[in-house]
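Peer 1: below is the sequence, then the predicted model.
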Amino acid sequence: VQLQASGGGLVQAGDSLTLSCVASGRTFASYGMGWFRQAPGKEREFVSAISGSGGNIYYGDSVKGRFIISRDNAKNTVYLQMNSLKPEDTAIYYCAAGSTMAVLRGRVLYWGQGTQVTVSS
């Protein structure tokens, strides 16, 4: 499985931005998908995950209530809608694939290449 993330950019605090991650292969619906982020000098942080069917969704505490994860299995794509962005959301965002529970624990099978999100104050 190859993952291609896109949609990052430079925005102002309070703005919204939507990231996309397109996966190759025919088994997309069988994978849990997730988003992680890593800011300079910090450890990688779990952001959100969604099960293969989309029926189970999880968020990290720092984004709960502001970010929304979704997926379109017909398009092999997972999205991360980021609202009310804050400067502390600045990071490289990575999409990831694996079993849902493994993704939650950071035990990812496949990583995307990352997309930079910068939020100015």
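Peer 2: It's in.

Peer 1: by mean pLDDT, point me to the weakest helix or strand of this protein.
Peer 2: Every helix and strand in the chain was compared by mean pLDDT, DSSP states H and E; the lowest is helix 100-104, with a mean of 92.

Peer 1: pLDDT score assigned to residue 106?
Peer 2: pLDDT recorded at residue 106 is 89.

Peer 1: number of nearby residues for it?
Peer 2: Residue 106 has 13 neighbours, counted by other C-beta atoms under 10 Å. Where you see a C-beta, it was placed from the backbone N, CA and C, and this is true even at glycine.

Peer 1: quick one: residues contacting the closest residue to it other than its chain neighbours.
Peer 2: Excluding its sequence neighbours, the residue lying closest to residue 106 (C-beta to C-beta, 6 or more residues apart in numbering) is residue 46, at 6.5 Å. By C-beta atoms under 8 Å, 6 or more residues apart in numbering, the contact set of residue 46 is 34, 36, 60, 104, 106.

Peer 1: and residue 46, that's in a strand?
Peer 2: Yes. Judged by DSSP: H, G, I helix; E, B strand; the rest coil, residue 46 forms part of a strand.
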